[in-house]
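J.: all I have is the shape, not the residue letters:
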């Protein structure tokens, strides 16, 4: 069965309680449950990981292809704007990556307007709350199934 890697970056474990006016009230657990249900509907398996540690996310990207993932949905959170190493791991993994964000980063602080991930991702989805993840899963499946 095809597998998609879902990567949640730093502080996303606090979804639901961290700045709900920006990030909404959906928890990471509820997002993962929704994604698991979507995966069943699409006939794919998910590998889901959240980490506050850059190296753990890099290791997951480096191992994604050997663990038979067909694509990645990545919310790099704050690392989106700062991590050249994570950007390089996106390229090195050799898989289609969809960058997602719960909030509309383009409508926020200027430092959030620059993504180091976007230029090497297939696309970016932002501002749709928890649905950004669902849309990201749909996008990565559409891209991989066209290949």
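T.: Perfect, thanks for sending it. Please read all numbers here as calculations on a predicted model, not as lab measurements.

J.: and the residue lying closest to residue 25 once chain neighbours are set aside, what's its pLDDT?
T.: Computed as C-beta to C-beta, 6 or more residues apart in numbering, the closest residue to residue 25 that is not its neighbour in sequence is residue 16, at 5.6 Å. C-beta coordinates here come from the backbone N, C-alpha and C atoms, glycine included. Turning to residue 16, the model gives it a pLDDT of 91.

J.: how many residues are close by residue 16?
T.: 16 (other C-beta atoms under 10 Å).

J.: same question for the one 3 residues further on.
T.: Using other C-beta under 10 Å, the number of residues around residue 19 comes to 11.

J.: repeat that for the one 3 residues further on.
T.: Using other C-beta under 10 Å, residue 22 is surrounded by 10 other residues.

J.: and it, that's in a helix?
T.: Yes - using DSSP: H, G, I helix; E, B strand; the rest coil, the assignment for residue 22 is a helix.

J.: residues contacting it?
T.: 103, 108 (C-beta atoms under 8 Å, 6 or more residues apart in numbering).

J.: picking up where we left off before, can you verify my assumption that the residue nearest to residue 25 contacts residue 31?
T.: No - with contacts counted by C-beta atoms under 8 Å, residue 16 stays clear of residue 31, the gap being 9.2 Å.

J.: nothing else from me, thank you.
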